[in-house]
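Asker: need a 3D model of the following:
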Amino acid sequence: MDNIIEAKQLQIERKHFHVELRENDRGKFLRITEEAHGRRNTIIVPSTGVDEFTAAIGQVLAPAAEHASA
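Answerer: Below is the predicted model of the structure:
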């Protein structure tokens, strides 16, 4: 059984996101669930990869931020 350590919910346009830090017998992990139009998609990132995952998001978004400020 998973234990929820921390959770946050947000709505962006018509999508609902659930971001949860969870823990089970195998360790901690980040679970991101998107709900839209009656469908649900989930990704799970082991805690050992969360820093790399968030860094990759930042790297992908950095060029977009540069273009927006120009």
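Asker: which ones are touching the residue positioned nearest the centre of the chain?
Answerer: Residue closest to the mean C-alpha point of the chain, counted by CA atoms, centre = their mean, is Ile32 at 4.1 Å. The neighbours of Ile32, taking CB atoms under 8 Å, 6 or more residues apart in numbering as the test, are 17-20, 42-45. All C-beta atoms are positioned from the backbone trio N, CA, C, and that covers glycine.
Asker: mind listing the strands for this protein?
Answerer: Secondary structure of the chain, counting by DSSP state E: strands at 3-12, 15-24, 27-36, 39-46.
Asker: could you dump those strands into JSON lines and include distance to Gly58 and mean pLDDT?
Answerer: What follows is these, written out as JSON lines (distance: least, CB to CB, whole Å; pLDDT from 0 to 100):
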{"stretch": "strand 3-12", "distance to Gly58": "18", "mean pLDDT": "98"}
{"stretch": "strand 15-24", "distance to Gly58": "16", "mean pLDDT": "98"}
{"stretch": "strand 27-36", "distance to Gly58": "15", "mean pLDDT": "97"}
{"stretch": "strand 39-46", "distance to Gly58": "15", "mean pLDDT": "98"}
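Asker: do you know how far the residue nearest to the centre of the chain is from Gly38?
Answerer: For Ile32, the distance to Gly38 (CB to CB, to the nearest Å) stands at 18 Å.
Asker: so Ile4 is in contact with Arg22, correct?
Answerer: Yes - between Ile4 and Arg22 there is a contact at 5.5 Å, judged by CB atoms under 8 Å.
Asker: the two: who's more crowded?
Answerer: Taking neighbours as other CB atoms under 10 Å, Ile4 and Arg22 compare with Arg22 leading, 17 against 10.
Asker: if we can go back for a sec, and the strands of the chain: which comes nearest Ala56?
Answerer: strand 39-46 (10.4 Å; CB to CB).
Asker: pull the CA atoms of the closest one into CSV?
Answerer: Extracted in CSV, the C-alpha atoms of strand 39-46 (Å, rounded to 0.1, in the frame of the first residue of the first chain):
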residue,chain,number,x,y,z
ARG,A,39,-9.4,9.8,-19.2
ARG,A,40,-6.6,9.4,-16.8
ASN,A,41,-2.8,9.2,-17.6
THR,A,42,-0.2,8.7,-14.9
ILE,A,43,3.6,8.8,-14.9
ILE,A,44,5.7,7.6,-12.0
VAL,A,45,9.3,8.9,-11.3
PRO,A,46,11.4,7.1,-8.7
